[in-house]
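Trainee: Just need the structure, nothing else, for what follows:
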Amino acid sequence: MKLRHPLLIKAVGFGLAGIISIWLRTLRYRSFEPVSGVSPWSPGQTETFIYAFWHETLLIPSLAYRHHKRPQNGYMLISQHADGELIAQVCRHLGIRVTRGSTKRGGAAALMQLQKLLENSHVVLTPDGPRGPRRVCQVGAVKLASETGCAIVPLGFAIHRCWRAPSWDRFAVPFPFTRCVGVNASPIRVPPGISRAELEEYRLKFEASMLDVTKLAEDYAGKGW
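Mentor: Next comes the predicted model:
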């Protein structure tokens, strides 16, 4: 049953955020920064980035935010998909700023909105959301990088032990007291005015980097500390 009434969505979002907040306090988090100066948790950044992580690890960035205790100079991009408002409400209650829109839909208005945000803030998105396929990057983030001149920084998040939902993304719910890891990759800079074929080349490069940094995070999570 889909939630449609705004007040009901707000109430459910508030309740879920409370449960998630308590759940996150039981987890152990650690970040690794193979590429210095470009992670969301890097101090003194002057450049704005487009950060990307897989949809299945949607819970972990809020854990990273709490762990590093730094103001979030960025906006999480939540799609206009039917379930997006509930996700947006949960994020807001967890202290994460959100913007509604899409790198794929919405045309010039959506692009202008994201360009404006990227002048002073980071934008964080899930390149395989909201419907998948799982761990396959859509071209929207690459187009956004080309249009704005902001580099994409792939982020890999991993959980040592978790339950996987029977959904398209196999959404990960960490078991209490398990280890969670965040890792960054090198920025991917996309030239302006490139052709459709070149966009596809950069999309494949972006996807390969996402898969590599995710594997690295999974290796760190498995080793322990």
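Trainee: Could you pull out the helices in this structure for me?
Mentor: 6-24, 60-68, 84-93, 107-117, 140-148, 196-223 (DSSP state H).
Trainee: from these, which stretch is densest packed?
Mentor: Highest mean neighbour count among the helices of the chain (mean count of other Cβ atoms under 10 Å): helix 140-148, with a mean of 22. C-beta: built from backbone N, CA, C; applies to glycine.
Trainee: so what does that helix touch, helix or strand wise?
Mentor: Other elements packing on helix 140-148 under the criterion 3 or more Cβ pairs under 8 Å, 6 or more residues apart in numbering; DSSP states H and E are strand 50-52, helix 107-117, strand 152-159, helix 196-223.
Trainee: Rounded mean pLDDT for that helix, please.
Mentor: Here helix 140-148 scores 94 as its mean pLDDT.
Trainee: what about that helix, distance to the chain center?
Mentor: Relative to the centre of its chain, helix 140-148 is centred 16 Å away, using Cα atoms, centre = their mean, to the nearest Å.
Trainee: ditto for stretch 27-43
Mentor: Distance of stretch 27-43 from its chain centroid, counting by Cα atoms, centre = their mean, is 14 Å.
Trainee: list the buried ones in that stretch?
Mentor: L27, Y29, S31, V38, S39, P40, S42 (16 or more other Cβ atoms under 10 Å).
Trainee: Tell me what the third one is bridged to.
Mentor: So that's S31. S31 has these beta-bridge partners by DSSP bridges: G182.
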